[in-house]
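Trainee: Sequence and predicted model, in that order:
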Amino acid sequence: MAQDKARVLIVGTGGVGTMAAYALETGGKAEVTAVFRSNYAAVEKDGIDIDSIEHGHDIKGWRPTAIRKTVPNVKEENLQPFDFILVTTKNIPDLPPTVADIIEPAVTAGKTAIVLSQNGLNIEKPLVERFPTNPIISSISYIGATEKSHGKIIHDDADAQKIGPFTNPGVSPAAAEAAARRYVAIYNATGKLDVTFDGDVKFVRWRKLVYNSSFNSVAAVLRMDTCRMRMSQHVIDDLVRPIMLEIVAAARANGVPLTDDVPEKVIRVDPTDTFFKPSMCQDAEKGNFMEIETIVGEPLREGEAKGVAMPTLRTVYGLLKGIQLQHREKKGVWEAKWTPDNPYL
Ligand SMILES: NC(=O)C1=CN([C@@H]2O[C@H](COP(=O)(O)OP(=O)(O)OC[C@H]3O[C@@H](n4cnc5c(N)ncnc54)[C@H](OP(=O)(O)O)[C@@H]3O)[C@@H](O)[C@H]2O)C=CC1
Ligand SMILES: CC(C)(CO)C(=O)C(=O)O
């Protein structure tokens, strides 16, 4: 291993994780170990095929420096500590294992910086609690990256990220910022990507929620792409815009000054010819678990706690919780039976 390269572990190598692995390795300043799960066998056998608008349309059989089936245990395997762990699983705190449980064996206290490249709010809280001496870094990503089948990635929207430190009381602000800036430097080693430092993590996360809390959630319930939602007009007028306005009000009540023009811009942000289905809709269609709590539940709770009325988002939250329960039952992690504490028994 080149001693000057950062050691990066990627946990959750699907769409976003694979594109991160590729950017980090090919930038030349990082050596990547990537953890694969259901796609492990396919990637071990044939590597990864990538069709990328930024890195090339015909990347075949690519592999990062090391691939793993499970998260390494740094102490038991006597490994050199990782400088960064990049987490690109879907973040689903309502279904164990949690992100903190998943990555714990690979974290070296006081050394490893943990980068959460995941949508949603309050995702850092359990990590700050579990890893009080490690920098926790936020990446808000606008990439379009999808694993169409195991090891086959379509990257069709530019890799744009805003990266900054979450507050961790056990880590000095200077050390946290330095870790975030180093991550930007190794990720965007060529300087060609729109991957930049932004210290206002709270603003960046609420701003992204204007899209995700509205379009992702409504798309997941309706199984509709964002173009068809806009063509319907009703879906925008009765669901998407009202949720966006609720998110803007909740953000403002929490000290984040989102401006009045944001909803109208975000409604029209997707190109009119892509017929794009947000990630939560893709998960709903695959019967996968959805990121309901981080993208819908947390902003709803934050807004309502400040007295903001959020009736549209609350309704959609209830619908999504019902769909998630159906997915849980189908996957055998929930059984339809009465419990004594159920008020509707
Ligand atoms: N895709 C996109 O374009 C964008 C996504 N995001 C956000 O980025 C994050 C990642 O999304 P995305 O890349 O689409 O997700 P994907 O579903 O494509 O990839 C997630 C990967 O994590 C793996 N995984 C889940 N749990 C574990 C675990 N316990 N151990 C090891 N691997 C695990 C999954 O494996 P398996 O397949 O076996 O479940 C899968 O390979 C999400 O928070 C999403 O909201 C943000 C912007 C754009
Ligand atoms: C819209 C997108 C792809 C990023 O901009 C996203 O965040 C999602 O689908 O969850």
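Mentor: Looks like it came in fine. Numbering: from 1, shown residues only. Ligands and ions are numbered 1, 2, ... in the order given.
Trainee: separation between the closest residue to Gln80 other than its chain neighbours and ligand 1?
Mentor: Spatial nearest neighbour of Gln80, excluding adjacent residues (C-beta to C-beta, 6 or more residues apart in numbering): Arg7 at 6.3 Å. (Each C-beta comes from the backbone N, C-alpha and C, glycine too.) As judged by C-beta to the nearest ligand atom, to the nearest Å, Arg7 and ligand 1 stand 18 Å apart.
Trainee: I'd assumed Arg7 was in a strand, is it?
Mentor: Yes. Under DSSP: H, G, I helix; E, B strand; the rest coil, Arg7 sits within a strand.
Trainee: Look up the pLDDT of it for me, please.
Mentor: The model reports Arg7 with a pLDDT of 98.
Trainee: What count of nearby residues applies to Ile323?
Mentor: For Ile323, the neighbour count with other C-beta atoms under 10 Å is 17.
Trainee: ok, and it, which helix or strand is that part of?
Mentor: Assigned by DSSP states H and E, Ile323 falls within helix 311-330.
Trainee: Can you give the distance of that helix from its chain's centre?
Mentor: 20 Å (C-alpha atoms, centre = their mean, to the nearest Å).
Trainee: hang on, the earlier thing: show me the beta-bridge partners of the residue nearest to Gln80.
Mentor: Going by DSSP bridges, Arg7 is paired in beta bridges with Glu31.
Trainee: Tell me the secondary structure at Lys148.
Mentor: strand.
Trainee: Please list all residues in contact with it.
Mentor: Residues near Lys148 by C-beta atoms under 8 Å, 6 or more residues apart in numbering: Ile154.
Trainee: one step back: and the residue nearest to Gln80, how close does it get to Thr33?
Mentor: 7 Å (C-beta to C-beta, to the nearest Å).
Trainee: Mutual contacts of the two, please.
Mentor: Taking C-beta under 8 Å, 6+ apart as the contact rule, the neighbours common to Arg7 and Thr33 are Phe82.
Trainee: quick one: which of those two has more around it?
Mentor: Thr33 (21 against 18).
Trainee: I figured the residue nearest to Gln80 hits Glu31, correct?
Mentor: Yes. Counting by C-beta atoms under 8 Å, Arg7 touches Glu31, with 5.8 Å between them.
Trainee: I'd like the average pLDDT over the host helix or strand of Pro299.
Mentor: Using DSSP H and E, Pro299 maps to helix 298-305. Helix 298-305 shows an average pLDDT of 98 in the prediction.
Trainee: can you tell if that helix touches ligand 1?
Mentor: No. Helix 298-305 stays clear of ligand 1 (C-beta under 6 Å from any ligand atom), getting no nearer than 12.9 Å.
Trainee: which parts of this structure sit against ligand 2?
Mentor: So the chain meets ligand 2 at 119, 142, 144, 211-212, 216, 278-279 (C-beta under 6 Å from any ligand atom).
Trainee: could you dump these to CSV with neighbour count?
Mentor: Formatted as CSV, the residues of the chain next to ligand 2 follow (neighbours: other C-beta atoms under 10 Å):
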residue, neighbour count
Asn119, 24
Tyr142, 14
Gly144, 20
Tyr211, 24
Asn212, 24
Asn216, 28
Pro278, 23
Ser279, 23
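Trainee: Which of those sits closest to Asn39?
Mentor: Nearest to Asn39, judged by C-beta to C-beta, of the residues of the chain next to ligand 2 is Ser279 at 16.6 Å.
Trainee: Quick check: that closest one touching Ala219?
Mentor: No. In this structure, Ser279 is not within contact of Ala219 by C-beta under 8 Å, at 9.2 Å.
Trainee: Just list the residues touching the one residue in the stretch 201-345 of the chain that gets nearest to ligand 1, thanks.
Mentor: With C-beta to the nearest ligand atom, the shortest gap between the stretch 201-345 of the chain and ligand 1 falls at Ser279, namely 4.9 Å. Each residue near Ser279 by C-beta under 8 Å, 6+ apart is listed here: 90, 119, 216, 291.
Trainee: What backbone torsions are found at the second one?
Mentor: It stands for Asn119. The phi/psi pair for Asn119 (degrees, to the nearest 10) reads phi -70, psi 160.
Trainee: so how many other residues sit close to the residue nearest to Thr70 when sequence neighbours are not counted?
Mentor: Closest residue in space to Thr70, ignoring its immediate chain neighbours: Val35 at 6.8 Å, by C-beta to C-beta, 6+ apart. Residues within reach of Val35, counting by other C-beta under 10 Å, total 24.
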